[in-house]
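Novice: Give me a model of this one.
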Amino acid sequence: MSLLNVFEIAGSAMSAQTVRMNVTASNMANLDAVSSSDGETYRARHPVFETVYSDSMKSGLSNGVRVAGIIESQSPLRKEYLPQHPKADEDGYIFYPNVNSIQEMTNMISATRTFQNNVEIINASKQMLLRTLSIGQ
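Specialist: Residues are numbered from 1 along each chain as shown. Predicted coordinates:
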């Protein structure tokens, strides 16, 4: 594997973590969104990553990670009996999204640290390339 592939792999990981951060921010923004029915309520979303590996330099495919898709959480929604709420259904219940704020904050911290680690990988690789070039001087 060429040292130049490290930039490609780390860059793809940074792009994937950016998607993860955006999805997490969307989940946090909708944390307290209230709805009157199960079908209209926001559901937490999570990105699914997949590894991309090409063993041939001529294939034109890149190595690294990519977002295969974004799935909705199937965990149950929060249901609260609040008959005086304007969005309460005929039984007096309102529905909150199935977003877990602690899990989302953990995802945010993890995505941020992974992004930072990939920045460090790029910087270290850049320094190695520069030192390699200076050997011939």
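
Novice: Let me see the ranges of the helices in this protein.
Specialist: Per DSSP state H, the chain carries helices over the ranges 3-29, 101-135.

Novice: Quickly compare these and say which is most buried.
Specialist: Among these, ranked by average contacts under mean count of other CB atoms under 10 Å, first place goes to helix 3-29 (a mean of 17). Where C-beta positions appear, they are placed from N, C-alpha and C, glycine not excepted.

Novice: For it, which helices and strands make contact with it?
Specialist: With contacts defined as 3 or more CB pairs under 8 Å, 6 or more residues apart in numbering; DSSP states H and E, helix 3-29 has these neighbours: strand 45-52, strand 64-72, helix 101-135.

Novice: Which strands and helices lie in contact with the shortest one?
Specialist: Taking 3+ CB pairs under 8 Å, 6+ apart as the contact definition, the neighbouring helices and strands of strand 45-52 are helix 3-29, strand 64-72.

Novice: can we see that at 10 Å?
Specialist: If you count contacts as 3 or more CB pairs under 10 Å, 6 or more residues apart in numbering; DSSP states H and E, strand 45-52 packs onto helix 3-29, strand 64-72, helix 101-135.

Novice: And the residue nearest the centre of the chain, how far from residue 122?
Specialist: Nearest to the mean C-alpha position of the chain, by CA atoms, centre = their mean, lies residue 20 at 1.2 Å. Residue 20 is 18 Å from residue 122, where distance means CB to CB, to the nearest Å.

Novice: what do you get for residue 114?
Specialist: Look at residue 114 and residue 122: by CB to CB, they are 13 Å apart.

Novice: shared neighbours of these two, which are they?
Specialist: Shared contacts of residue 114 and residue 122 (CB atoms under 10 Å, 6 or more residues apart in numbering): 13-14.

Novice: wait, isn't residue 132 in contact with residue 4?
Specialist: No. Assessed by CB atoms under 10 Å, residue 132 is found out of contact with residue 4, at 11.5 Å.

Novice: low-confidence ranges in this protein?
Specialist: For the chain, the stretches with pLDDT under 70 are 1-2, 55-61.

Novice: Next one: residue 134 relative to residue 38, how far apart?
Specialist: Residue 134 is 64 Å from residue 38, by CB to CB.
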